[in-house]
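*Asks:* My questions are about this predicted structure, shown below with the sequence.
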Amino acid sequence: MSLERQSPVIIITGTPGTGKSTHAQLLANESPVPLQHINISDWVKEKGLYEDYDPEWQTYNVDEDKLLDELEPLASAGGVILDWHTCEAFPERWADLVVVLRCDHSRLWDRLEQRGYSLKKIQENNEAEIMQVVLDEARSSYAAEIVVELNSESTEDLEANVARIVEWIKAWRRDRGLEAN
């Protein structure tokens, strides 16, 4: 009996404010197979998978070893969407698809302001988006054929992106001789 996963592991990544969690939740709702959406930032807080809190950046410093130990059984089984602003921490063997969401920096600035981010944090994230830091990280960490860059600026983009990923899931299952349900 094959131990191959019945459902894929999808990483949705991008600069904060690009729509990762919105995409991941809609995808979990519309997927032809059950997928568990794991918002890594929330998980880290809920499960205490951090070393400390950085008040200047208003963020938790993640204990990556603890995080990966916690995620290993889930990723090995498949059927998860990992939603985080970085992806290089996840082992290459986990990922079937890496979606990097991109957003125009002026629109991103507005989104981060609405979240109440500090000016320093907005500037840093905007610079990261302009310099395509997350995209470069994904491209250097995973095989080129599984990394997809998608625009995330509107509701239309969101719906089209999720529909595209749903079609990818169906093809992924067909390629493995699995029913698409």
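*Replies:* Okay, I see it.

*Asks:* Now do the helices in the protein.
*Replies:* If DSSP state H is used as the criterion, the helices of the chain fall at 20-30, 40-47, 64-77, 105-114, 119-130, 133-141, 155-175.

*Asks:* Ok, which of these comes nearest Ala89?
*Replies:* Taking CB to CB as the criterion, Ala89 comes closest to helix 64-77 out of the helices of the chain, the separation being 5.0 Å. Using the backbone N, CA and C atoms, a C-beta is placed for each residue, glycine as well.

*Asks:* Which of the helices of the chain sits closest to Pro55?
*Replies:* The closest approach between Pro55 and any of those, judged by CB to CB, belongs to helix 119-130 at 11.7 Å.

*Asks:* Run through who's touching that closest one.
*Replies:* 15-18, 56-58, 102-103, 105, 108-109, 112-113, 117, 134 (CB atoms under 8 Å, 6 or more residues apart in numbering).

*Asks:* before we move on, back to that, among the helices of the chain, which is nearest Glu149?
*Replies:* Go through the helices of the chain one by one with CB to CB and the one that ends up closest to Glu149 is helix 133-141, at 5.8 Å.

*Asks:* Could you export the closest one as CSV, CA atoms only?
*Replies:* Included here for helix 133-141 are C-alpha records, laid out as CSV according to Å, rounded to 0.1, in the frame of the first residue of the first chain:
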residue,chain,number,x,y,z
VAL,A,133,12.1,39.3,-1.0
VAL,A,134,9.5,36.6,-0.4
LEU,A,135,9.4,35.6,-4.1
ASP,A,136,13.2,35.3,-4.2
GLU,A,137,13.1,33.2,-1.0
ALA,A,138,10.5,30.8,-2.5
ARG,A,139,12.4,30.5,-5.7
SER,A,140,15.7,29.7,-3.9
SER,A,141,14.0,27.2,-1.5
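
*Asks:* follow-up on the earlier one: show me which of the contacts of helix 119-130 are buried.
*Replies:* For the contacts of helix 119-130, burial is judged from neighbour counts taken by 16 or more other CB atoms under 10 Å, and it is met by 15-18, 102-103, 105, 108-109, 112, 117, 134.

*Asks:* Nice, that's everything, thank you.
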